[in-house]
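Student: sharing a sequence plus its predicted fold:
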Amino acid sequence: MPSTRDIRRRIKSVKNTAQITKAMQLVAAAKMKKAQDQAANGRHYAEMMNKILVALKESAEEGVHPYFSEGKGDKTLVLVIATDKGLCGALNTNLLKKLVNDSIEGEVEYVTIGRKASQGLARLRKTLIADFPIKDPAKFVEVRSVGKFLQDKFLTGEYKSVLVAFNNFINTVTQVPSVEQILPVNPVTLGGKRGFDESSKESKAEDLPQYTFEPAASVVFETILPQYVNGTIYQMILEARASEHSSRMVAMKNATDNAKQMLKDLSLEYNKLRQAAITNELLEITTAKMALE
Amino acid sequence: MPLKLEIVTPEARVFPAKDAEGRLESGSVDSVVLPGVDGELGVLPSHAPLVTTLQCGELRIAQGSKVIELAVGEGLVEVTGSYVRILTDMAVHSDSIDEKAVEEALERAKHVLESLKHGEQQEEVAAVMASIQRSTAQLHVKRKRRTV
């Protein structure tokens, strides 16, 4: 049985932990608000860009731009967007689990953003070809170099397709790990709902207008597609960041709640022990007195 | 048949704007004039389907008796008979352009450009050039308005 002193010591340490987790929760909550707003604002742009390009892909002639068809090689390039720091619940674990379970066909090479992604993939003994550090909050300029790297790799023709694995932000308590194809151009899901649902796709395919391109289809695609790739990756990073901060906030809130519950239990035990000790002492005194009389 | 216009930037949906209660205003307009690759491009209802790129410059929207002017950046334009969708990296209403702030930004960008030229970091030069173009477009829209 622990002595009152042991319990007092434990109470003190739990209190300290609770204080730290509470502080982290508050910091995460502030960052979460910003990250969520940023993700929500950009989502519409990325969705619309995706929608237009998917429609164009169907009406465009074969081979008008390399980004519309699969590369010659049979390798797949996967960009994994995870967090730099831990203590954010099962976010990174779920993402890596999803990657392992999805088991992409053929040889797969990985590019990572975030320390947890490179560490996790190294543990799984996967081929890692590049790692990009992206600050928080993410800057578009930094993302451009990631986009350029992926596009250059895709244009070498060694890769069949380029996928992105990231945590899709749905709301503060729900984040879904998802793997989306960014090259060749494909419908993607951002923030939980698919910008391009199947039913509208079918109806649109019939009355698809024959677009005129100005000045020429190849020129338009040449300017738009790199922008599309960079913009979409940026949006995916924003979704991942919103997920990260939300998940951390929830994890830290749970930790704080648990610590509080533990404090309650420990104080109860401490008081019980203290009272037992007092009762014992009183008993001893009265017995001693009675023995003297 | 009215023409529906939508202008979206990575930060927000600029047009149709939201009213005080957060509902979307109708995006119906009579015509749109936008800066295209080969000069200005006017779009009226039932325009032939068209996809083109948008240049930095001035965009005019005619809505009833109102004319709305915006400074826009580079982007993509999709026109169908009844829809105009504009995706761009900048879209600012002429009323909300802060001339002084833009001038300062322009100065700063020119300064950065000069310091960069020796190093020849192409990526950065391109980014700064784009920001100069955007600032110039904003100033152009603002100043034109004042002289009228």
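Tutor: The structure has been received and is ready for your questions.
Student: what residues does the stretch 151-293 of chain A put near chain B?
Tutor: A:209-215, A:217, A:219-220, A:223-224, A:227, A:231, A:234-235 (CB under 8 Å from any CB of the partner chain). Where you see a C-beta, it was placed from the backbone N, CA and C, and this is true even at glycine.
Student: mind checking which of those residues are in strands?
Tutor: Taking DSSP state E, the ones among those that sit in strands are A:T212, A:F213, A:E214.
Student: contacts only, for the first one.
Tutor: Contacts for A:T212 were tallied using CB atoms under 8 Å, 6 or more residues apart in numbering or on different chains; they are B:A48, B:P49, B:L50, B:V51.
Student: of these, just the buried ones, ChimeraX syntax please.
Tutor: A single ChimeraX command selects the buried members of the contacts of A:T212 (16 or more other CB atoms under 10 Å in any protein chain shown):
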select /B:49,50,51
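Student: show me the contacts for the residue nearest in space to the middle of chain B.
Tutor: Residue closest to the average C-alpha location in chain B (CA atoms, centre = their mean): B:V72, at 1.4 Å. Contacts of B:V72 were listed using CB under 8 Å, 6+ apart, and they are B:7, B:34-35, B:54, B:56-59, B:86, B:88, B:90-92, B:137.
Student: 7 Å - rerun?
Tutor: Contact analysis of B:V72 by CB atoms under 7 Å, 6 or more residues apart in numbering or on different chains lists B:L54, B:G57, B:L59, B:T88, B:M90, B:A91.
Student: all strands for the stretch 151-293 of chain A, in order.
Tutor: All strands of the stretch 151-293 of chain A, identified by DSSP state E, counting those that start in this stretch, fall at A:159-171, A:174-183, A:189-190, A:193-194, A:212-214.
Student: now distance to A:P66 and mean pLDDT too, for those strands, in JSON lines please.
Tutor: Formatted as JSON lines, the strands of the stretch 151-293 of chain A follow (distance: least, CB to CB, whole Å; pLDDT from 0 to 100):
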{"stretch": "strand A:159-171", "distance to A:P66": "11", "mean pLDDT": "91"}
{"stretch": "strand A:174-183", "distance to A:P66": "9", "mean pLDDT": "89"}
{"stretch": "strand A:189-190", "distance to A:P66": "24", "mean pLDDT": "78"}
{"stretch": "strand A:193-194", "distance to A:P66": "25", "mean pLDDT": "56"}
{"stretch": "strand A:212-214", "distance to A:P66": "17", "mean pLDDT": "81"}
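Student: which of these sits most buried?
Tutor: strand A:159-171 (a mean of 22; mean count of other CB atoms under 10 Å in any protein chain shown).
Student: count of neighbours near the closest residue in space to A:G89 that isn't next to it in sequence?
Tutor: The shortest distance from A:G89 to any residue other than its chain neighbours is 4.0 Å, reached at A:A251 (CB to CB, 6 or more residues apart in numbering or on different chains). By the criterion of other CB atoms under 10 Å in any protein chain shown, A:A251 has 20 neighbours.
Student: for B:L116, same thing?
Tutor: Neighbours of B:L116 (other CB under 10 Å): 16.
Student: what's the mean pLDDT across the one helix or strand it maps to?
Tutor: Here B:L116 sits within helix B:99-117, counting by DSSP states H and E. The pLDDT scores in helix B:99-117 average 82.
Student: on that earlier part again, out of the residues of the stretch 151-293 of chain A next to chain B, grab the one that's most surrounded.
Tutor: Of those, with other CB under 10 Å as the count, A:Q235 tops at 27 neighbours.
Student: so what pLDDT did residue 17 get?
Tutor: I'll assume chain A. 95.
Student: that's the wrong chain, I wanted chain B
Tutor: On the pLDDT scale, B:A17 gets 73.
Student: state the mean pLDDT of the top helix by length along chain B.
Tutor: Secondary structure of chain B per DSSP state H: the longest helix is helix B:122-147. Mean pLDDT, helix B:122-147: 76.
Student: is any part of that helix close to chain A?
Tutor: Yes - using CB under 7 Å from any CB of the partner chain, helix B:122-147 reaches chain A at B:E123, B:A127.
Student: helices and strands around that helix, which ones?
Tutor: Under the contact definition 3 or more CB pairs under 7 Å, 6 or more residues apart in numbering or on different chains; DSSP states H and E, helix B:122-147 sits against strand B:57-63, strand B:66-72, helix B:99-117.
Student: now with 6 Å, please.
Tutor: If you count contacts as 3 or more CB pairs under 6 Å, 6 or more residues apart in numbering or on different chains; DSSP states H and E, helix B:122-147 packs onto strand B:66-72, helix B:99-117.
Student: next helix or strand past the shortest one?
Tutor: Read it as strand B:66-72. Strand B:66-72 is succeeded, C-terminally, by strand B:75-79 (DSSP H and E).
Student: partners of that following strand in the sheet?
Tutor: Paired strands of strand B:75-79, with direction, are strand B:50-54 (antiparallel), strand B:83-88 (antiparallel) (DSSP bridges).
Student: quick one: A:V14 from A:Q261, how far?
Tutor: The span separating A:V14 from A:Q261 equals 10 Å under the rule CB to CB, to the nearest Å.
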